[in-house]
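Participant: Show me how the following folds:
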Amino acid sequence: MKYAVGRKGKIYELCHPSSVEKLLPVLDIVISSFPAHDERTTGMGTKSKKRAAPTPTHSSKKKQKLQPAKGKARACDRETIAIPTVDDADTEDGGISDADADLLQEFGDSAGFLRSLDHTAIARSKKVTERLYQLHKPIRTHRDDDLPPILSDDDNAGDSSNSVVDESDSVEESEDEGRNFQDFASDSDLEMPYERIPRRRDAAVDLDAPRHIQGLPIKLSDGRIQATGKMTRAPTLSESENDDDEDSATEVPPDEGKRVEDVATGARFGRPAVVDVVGNKSRAARIHGAKEQIASICQEIIAHPENSLGLLRRLHTFSLEKITSPAHPEPVTNDVMIRKLAMLSQLAVFKDIIPGYRIRALTEKEKAEKVSQIVAHTREWEQGLLVVYQTYLRALEHALKAKNELSDIALKCMCTLATEVTHFNFRVNLMSCIVARLSKKSWDESSDLCLNTLISIFRNDLTGVPSLEIVKLLNRMIKERHFKVHPEVLGCLLHLRLKSELNVRASDTKADKAEKLTRHSQGRAASRRAKGKPTDQPHMSKKAKKAFKERNEIEKEVREAEAEVDKEERARIHTETLKLLFVLYFRILKNPHPTPLLPAALRGISKFAHLVNVDFFKDLMQVLRGLIIREAADEDDSESLDWDTSDNVADILNRLLCIVTAFELLSGQGEALNIDLSDIVNHLYAIILPISLLPQIDDPPPTKFVSNFRISKADTIADMLFRALNIVFSPHTSGGTVIPWRSAAFAKRLLIASINWPPNVTLRALEFIEALVAKDPKLEALLSTEDRSADGVYLPQVDDPQLSRPFGTSFFELLLLQQHHYDSRVREAAQRLSRCTNS
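Facilitator: Okay, here's the model as predicted:
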């Protein structure tokens, strides 16, 4: 590139006519100061003098836009454009300034290149310049090579030996190409010869000498940089070459050795492969690496659950017994501790990311319709979450059935999921595993966990559907096991939310609902349209019907959004649950062989007695009478004198439960029925003396179940006895009339039994007798020894209160209690009862 020096030291580029126009006023002055040795320069100056002066700058815009006259070609169509010169007048007026004279004097020798300027090339037009460039433009020649085409499917075409070149041949070729360097310079896409020459190693470098690399420096808090001084040993050159040779020797073709790393097992997301972590030889390092990766995976899943399906599958891989991957086809045995950590981590993750609704399967119509990208992404995530969750549940079920070290952890995870995410999918599968765990006769900590889980589901159930499913499973399990189940299992059914929420009477077919109030059409026009038929709503116009329909749809959507439970639907579900519950209880009662489930069934019928249909009362009372007679016969057959045996206690407890259940049934809806309960009362009178021989009368029944809930204590034998006595002598049962001989007989037998009872039970018996005396004044005769009845002698061994002749004796047991009982409270109560009169 050539330049010229202008006024005030400005440098002008001589590459275009526009630059020359700026330089012309100075060029003429500079050239005129040198002797003319070049004819081209003189000629140029002569021609420049003949040119006319330039157009004045003050001409109007309209004149500048005028087109040239006809016959004159445009400047762009000419081959050359004459370089303008400065006239002599202008030169004289604009002589050399002092600054230019000093500049020429200082740099005059450097301006000599102006003599050799090519004025023809400078004056050449743009059109001619482009034509000459296209004419002399270098043409790139096609170079043949041995490489296969890009679109070729045969990657192994050609012999691999052709690609191997000896070092000597490559050097010779590089030298030949170096001679023809100019041939490659025109084509920028070609590889330069010096790039093909192999690098030469310095002979002074020892290949086997150890190499050390200095560690990077550190920056201190004050900004100073300090060297650490650490040295890292690098492999020697000979070792690296040997490794390269081995790699090249064992290199497998791309198609044969290519393996894709799976997201669930491979080295993805910046983490090492699962197989590498699990396959570590050190157990401490193996567990530590698994902990770190599991923790980071759980953190990322909880942060972005909708984009973490791959991480969920990777987390599940850590819980497998044997882990394989495409890169490691041989299975690697997983550590038990890592599997436990993975199972518990998945439990915590699923508790957090599971949505608050149940995911249903998409129909074919929904799959075919076009939806937005957000909806499609949500559907994909939901379906993927179901797949991963189902896989996790299958792994838990497999571990539970294997009965190994992971069985307890798997059961705990399943119970937690059943309690925390009861609304979600696969709820029945979880409940089936829990109920199956309760089917064994023995009882342990896992049984406590399962039973507490079922109780928690019953207590937190708002819709009634989970409770119905559990009752179905228990009913089927007990039937298949032939009632050989632990009695504590039926105890969870007492926590059903039926007694407080179901306010309709149970039926054998459907729930009795209140009838809808019918409303007849009002007005003449409405009566004419309805033709006298009853209508649920008054006549409305089409517009009003449309508005009413839209309002109902809006209210329905609002109820669904608020997750409001329909009362009618809940009552229907509770009725179905109650039917299955009583079917289970009745099947236990009608079992011909005694079963340990009988007390639990009797307690359940006693609690839900107010919900039993009246149509079942007669059949149920007949079954209860048969049970009482059977238990009494079994007790009479046993000739053992030891009353403190488990069989006798169980028989007495079953008889008492049957009596209490019968009275509970007839104390509610059964009051409307005319059922004679005299035989039940006689059985209650007969059971008082056997109960007096039981030392654990005031102790709660033994139980192995450890409940996590705050529930009322189980009724003792004394509680059930006095509850039955209160029902028998209540005004509802007796019809408002007091039977003196029945009250006297029960009072006399209770006093006889109280001599053997503990103080607390004795006090309750004395209070009950005092209440009987207060109700019937005829019982005051038994408090005195002077009065005697003429109806005969008292028969204490007779179990019929009407035939025992209670007025032929007195309450002489009160004197024993006043004088010889060790508890002062009993002595005071007996003394108070002996002075009890209605006066």
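
Participant: The stretch 551-700 of the chain: helices as residue ranges?
Facilitator: Counting by DSSP state H, counting those that start in this stretch, the stretch 551-700 of the chain has helices at residues 567-589, 598-607, 617-637, 646-667, 678-692.

Participant: and if you look at the stretch 301-450 of the chain?
Facilitator: 309-317, 336-353, 364-368, 373-402, 407-420, 427-437, 445-460.

Participant: looking at those helices, which has the lowest confidence?
Facilitator: Averaging pLDDT over each of the helices of the stretch 301-450 of the chain singles out helix 364-368 as the lowest, with a mean of 87.

Participant: Send me that one as PDB with only the CA atoms.
Facilitator: This file holds the C-alpha atoms of helix 364-368, laid out as PDB (Å, rounded to 0.1, in the frame of the first residue of the first chain):
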ATOM      1  CA  GLU A 364     -57.400 -43.000  23.500                       C
ATOM      2  CA  LYS A 365     -59.400 -39.900  22.700                       C
ATOM      3  CA  GLU A 366     -57.300 -37.800  25.100                       C
ATOM      4  CA  LYS A 367     -54.100 -39.200  23.700                       C
ATOM      5  CA  ALA A 368     -55.200 -38.300  20.100                       C
END
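
Participant: tell me which residues of that helix are tucked away?
Facilitator: Within helix 364-368, no residue counts as buried by 16 or more other Cβ atoms under 10 Å. All C-beta spots, glycine's among them, are computed from the backbone N, C-alpha and C.

Participant: and stretch 114-129, average pLDDT?
Facilitator: 78.

Participant: Pull up the distance across it, start to finish.
Facilitator: 22 Å (Cα to Cα, to the nearest Å).

Participant: in that stretch, what's buried?
Facilitator: Neighbour-count burial for stretch 114-129 [16+ other Cβ under 10 Å]: 114, 117, 119, 122-125.

Participant: now swap in stretch 394-409 and tell me
Facilitator: Applying 16+ other Cβ under 10 Å to stretch 394-409 flags 395-397, 399-400, 406-409 as buried.

Participant: do the same with stretch 273-287
Facilitator: Buried residues in stretch 273-287, defined by neighbour count with 16+ other Cβ under 10 Å: 273-278, 280, 286-287.

Participant: Distance check, the nearest residue to G279 once chain neighbours are set aside against K704.
Facilitator: Nearest residue to G279, sequence neighbours excluded (Cβ to Cβ, 6 or more residues apart in numbering): V332, at 4.8 Å. Computed as Cβ to Cβ, to the nearest Å, the V332 to K704 distance reads 43 Å.

Participant: the more surrounded of those two?
Facilitator: V332 (16 against 12; other Cβ atoms under 10 Å).

Participant: which residues does the more buried one bridge with?
Facilitator: Per DSSP bridges, the residues bridged to V332 are I323.

Participant: close enough to count as contact, it and V278?
Facilitator: Yes: V332 lies in contact with V278 (Cβ atoms under 8 Å); the separation is 5.4 Å.

Participant: which residues do these two both contact?
Facilitator: Overlap of the contact sets of V332 and V278 (by Cβ atoms under 8 Å, 6 or more residues apart in numbering) consists of I323.

Participant: show me what contacts the closest residue to D699 other than its chain neighbours?
Facilitator: Nearest non-adjacent residue to D699, counting by Cβ to Cβ, 6+ apart: T716, 6.2 Å away. By Cβ under 8 Å, 6+ apart, T716 lies in contact with 697-701.

Participant: out of the residues you listed, who has the most neighbours?
Facilitator: Greatest neighbour count in the contacts of T716, by other Cβ under 10 Å, goes to I697: 21 neighbours.

Participant: List the contacts of that residue.
Facilitator: Applying Cβ under 8 Å, 6+ apart, the residues near I697 are 691, 716-718, 757-758, 761.

Participant: Likewise for R286?
Facilitator: Counting by Cβ under 8 Å, 6+ apart, R286 has contacts 277-280, 335, 338.

Participant: Identify the farthest-apart pair in those.
Facilitator: Farthest apart among the contacts of R286 by Cβ to Cβ are G279 and I338. That separation is 11.5 Å.

Participant: for the helices of the stretch 301-450 of the chain, which one sits closest to E292?
Facilitator: Per Cβ to Cβ, nearest to E292 of those: helix 336-353, 11.1 Å.

Participant: Restricting to C-alpha, output the closest one in CSV.
Facilitator: Provided in CSV are the C-alpha atoms of helix 336-353 (Å, rounded to 0.1, in the frame of the first residue of the first chain):
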residue,chain,number,x,y,z
VAL,A,336,-27.1,-54.1,51.8
MET,A,337,-26.4,-50.8,53.5
ILE,A,338,-26.6,-48.9,50.2
ARG,A,339,-29.9,-50.6,49.4
LYS,A,340,-31.4,-49.5,52.7
LEU,A,341,-30.3,-46.0,52.2
ALA,A,342,-31.7,-45.9,48.6
MET,A,343,-35.1,-47.3,49.8
LEU,A,344,-35.4,-44.8,52.6
SER,A,345,-34.3,-41.9,50.3
GLN,A,346,-36.9,-42.9,47.7
LEU,A,347,-39.5,-42.9,50.4
ALA,A,348,-38.6,-39.3,51.4
VAL,A,349,-38.5,-38.2,47.8
PHE,A,350,-41.9,-39.7,46.9
LYS,A,351,-43.5,-38.2,50.0
ASP,A,352,-42.5,-34.8,48.7
ILE,A,353,-43.1,-35.0,45.0
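
Participant: I'd like the buried residues of stretch 394-409 laid out as a markdown table, including distance to I659.
Facilitator: Formatted as a markdown table, the buried residues of stretch 394-409 follow (distance: Cβ to Cβ, whole Å):
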| residue | distance to I659 |
| --- | --- |
| A395 | 51 |
| L396 | 46 |
| E397 | 45 |
| A399 | 48 |
| L400 | 43 |
| L406 | 49 |
| S407 | 44 |
| D408 | 43 |
| I409 | 47 |
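
Participant: Among those, which one lies nearest to F424?
Facilitator: Taking Cβ to Cβ as the measure, F424 lies nearest L396 of these, at 14.6 Å.

Participant: you'd agree that closest one is up against K412?
Facilitator: No: using Cβ under 8 Å, L396 is not in contact with K412; the gap is 9.7 Å.

Participant: Which positions in stretch 613-626 come out as buried?
Facilitator: 613, 616-617, 620-621, 623-624.

Participant: Let me know whether my guess that H482 is in a strand holds.
Facilitator: No: counting by DSSP: H, G, I helix; E, B strand; the rest coil, H482 is not found in a strand; it is coil.

Participant: Relative to I691, how far out is it?
Facilitator: 32 Å.

Participant: Looking only at neighbour counts, state which of the two leads.
Facilitator: Taking other Cβ under 10 Å, H482 and I691 do not tie; I691 has more neighbours (22 against 10).

Participant: Just the pLDDT at A632, thanks.
Facilitator: In the predicted model, A632 carries a pLDDT score of 68.

Participant: Same question for the one 5 residues further on.
Facilitator: The predicted local distance difference test score for D637 is 56.

Participant: still on that earlier bit, which residues touch the residue nearest to G279?
Facilitator: Shown in contact with V332 (Cβ under 8 Å, 6+ apart): 275, 278-279, 322-324.

Participant: Return the member of the buried residues of stretch 613-626 nearest to L104.
Facilitator: For those, the nearest to L104 is N613 (130.1 Å; Cβ to Cβ).
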